[in-house]
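Peer 1: Sequence and predicted model, in that order:
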Amino acid sequence: MKRTLDWTKFRRRESIALPILYLVLLCGLFAPPNSSGQYTNIWKFHMPSRWSDTAPAIAADGTLYQPTFNGTLFALAPDGRVVWQFKAGIEIESSPAIGGDGTIYFGARDRKFYAITRDGGLKWTFETGAWNDSSPAIADDRTIYFGSWDKLFYALNPDGSLKWKFSTDGIIDSSPAVGNDGTVYFGSHDKKLYALTPDGKSKWSFPTGGQVISSPAIGANGNIYFTSTDGNLYALKPDGAEFWHLHTGGASPSSPAIDSHGTLYLGANEFAIAVSPDGKKLWQHDLWGWIEGTPAVTDSVVYFSSRSHWITALSTSDGTFLWSNLFSGDLSAPPTVSKDGVVYVTGDSFLKALVPTNAGPLARSPWPMFRANARHTGRVGIN
C-alpha cells in the first residue's frame, strides 16, 4: 500500500497512461458494463487532501476513523457527519486500528506514533527514528505492534511505553499480523518475512527475492500468505516452511484477502486474481490500473480498488464483473466493509459509502479484508 522508489518506473508509465485512459472513459469509448441499480451511494465526504491511500477503520458503534495525507484524522458518524478531527504533525500513511477500549492508534510521518481517545483527545505519542507508514496491529493482551522506516519493529504497552523493539536490515512499511498463538508476522525491505514471539524473540525469517511491502494474511489453518516484489505469492506453514508459491508477476504491494473456502484474492499489477488454497490460479480480471490495496470479500462478491479510478465488484466464483463506481482520481486505499455490508472507499479527495443492492457481510474467514476486520486490529479471531 505504500509508495516506494523501487516502483518508480511503473508509476512513470501509469502517470502517462492513466490520464489518457480517464479521458477515454469520459468520452464513453470504453467503460465497464452498466452498473445502474446495483448499488446506492448513500453519502460522500470531501477530505482536505487530494491524496489518501489509507482505509477507514470502523468502531463497534459504527463511527469511522479516516486519516488524510495532510495529517488529519477524521471521526465520522455512520451518516457521514464529522464528529471530530485531530491534527497530527504531518502526513498520515498508516491506517488506524481501534483497541477494545475505543482508543485509536496510527503512525505518522512526523516520526511519531499516536494514541487518540474515542472523543478525539491526545492520549500519548511515541517517537521513532523515521516515518511510520506501517498500520498497527493490536494483540489480545493489548500490545500494539508496528514497523517504521527506521528499520525497527516496535511493541508498545497500552500506556505508550516501549515493551521491546526488533531490528531488521530494511525499511518496514508492511503492516503486521498477529496469529492465534500471539506470533507476530511482518515483512521488510530487506526481502524477508519475519515471525516473532510475543516477547520479541525471532522464531524464524523467510527470505524472498524482493522487498516485502505487503501485509501478511493468516488463514484458518494458521498458514501465512503474503506477496513480495519478486512477483510471487507465498504460502508458509506456521513453522516458516514453504507450503507453496505462485508466480503472479505482480510487483504491486496488494495483500491477500481470504474467503470462507480458503480462496485467496489479491491484485497483481493491474489484474485481480483468485487463487485456490493449494496455490492454483482460478481466474483473473483486468482492471486497467495498478492495484495496491487489499480487496474485501463477502460470500459471493469481492471488491477491488485500482488506480484506474474505479472501485469494482466481481463475482468470487469466476471473476465476472458485477458493478463499478468511478472516482475522480486514483484509488490505492483498500475498501473497508462494515458488518451490514456497506462498502467504504477512499480515493482522491473523497470517502464514499456505497450500499450494494444485495449487500452482504464479510466472508466468515480469519482474513476477509485489509487488517482482518473492520476495526483493523490485524489479529485473527476478531469480527
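Peer 2: Thanks, I have it.
Peer 1: give the contact list for the closest residue to residue 120 other than its chain neighbours.
Peer 2: Leaving aside its sequence neighbours, residue 120 sits nearest to residue 84 (Cβ to Cβ, 6 or more residues apart in numbering; 3.6 Å). Any C-beta I mention is one placed from the backbone N, CA and C, and that applies to glycine too. Counting by Cβ atoms under 8 Å, 6 or more residues apart in numbering, residue 84 touches 74-75, 119-120.
Peer 1: does residue 84 have beta-bridge partners, and which?
Peer 2: Per DSSP bridges, the residues bridged to residue 84 are residue 75.
Peer 1: how close does it get to residue 164?
Peer 2: As judged by Cβ to Cβ, to the nearest Å, residue 84 and residue 164 stand 33 Å apart.
Peer 1: do the same with residue 236
Peer 2: The value you get for residue 236 to residue 164, if Cβ to Cβ is used, is 23 Å.
Peer 1: now do residue 302
Peer 2: 37 Å.
Peer 1: Of these two, give the one with the bigger neighbour count.
Peer 2: Under the criterion of other Cβ atoms under 10 Å, the comparison of residue 302 against residue 164 puts residue 302 first, with 27 against 15.
Peer 1: Just confirm the more buried one contacts residue 267, I think it does.
Peer 2: No - counting by Cβ atoms under 8 Å, residue 302 stays clear of residue 267, with 10.8 Å between them.
Peer 1: what sits in contact with each of the two?
Peer 2: residue 295.
Peer 1: Per-residue pLDDT of the closest residue to residue 306 other than its chain neighbours, please?
Peer 2: Distance criterion Cβ to Cβ, 6+ apart; nearest residue to residue 306, sequence neighbours excluded, is residue 289 at 3.9 Å. Residue 289 is assigned a pLDDT of 88 by the prediction.
Peer 1: what helix or strand is residue 289 on?
Peer 2: Using DSSP states H and E, residue 289 sits within no helix or strand.
Peer 1: from memory it sits against residue 304, does it?
Peer 2: No - Residue 289 lies out of contact with residue 304 (Cβ under 8 Å); the separation is 9.8 Å.
Peer 1: Settle it for me: which of these two has more neighbours?
Peer 2: Remark: of residue 289 and residue 304, residue 304 carries more neighbours, 29 against 25, as counted by other Cβ under 10 Å.
Peer 1: I figured the more buried one hits residue 266, correct?
Peer 2: No - Residue 304 is beyond contact range of residue 266, at 9.2 Å (criterion: Cβ under 8 Å).
Peer 1: Return the residues in contact with residue 231.
Peer 2: Shown in contact with residue 231 (Cβ under 8 Å, 6+ apart): 210, 247-251, 268.
Peer 1: per-residue confidence for it?
Peer 2: In this prediction, residue 231 has a pLDDT value of 95.
Peer 1: Likewise for residue 34?
Peer 2: 57.
Peer 1: now residue 343
Peer 2: Looking at residue 343, its pLDDT stands at 97.
Peer 1: Just give the closest residue to it, not the sequence neighbours.
Peer 2: Nearest residue to residue 343, sequence neighbours excluded (Cβ to Cβ, 6+ apart): residue 354, at 4.5 Å.
Peer 1: Low-confidence stretches in the stretch 251-383 of the chain?
Peer 2: Within the stretch 251-383 of the chain, the stretches with pLDDT under 70 are 382-383.
Peer 1: list the contacts for the closest residue to residue 77 other than its chain neighbours?
Peer 2: Spatial nearest neighbour of residue 77, excluding adjacent residues (Cβ to Cβ, 6+ apart): residue 83 at 5.5 Å. When contacts are counted by Cβ under 8 Å, 6+ apart, residue 83 touches 63, 75-77, 120.
Peer 1: Correct me if wrong, but residue 90 is in a helix.
Peer 2: No - counting by DSSP: H, G, I helix; E, B strand; the rest coil, residue 90 is not found in a helix; it is coil.
Peer 1: residues near it, how many?
Peer 2: 15.
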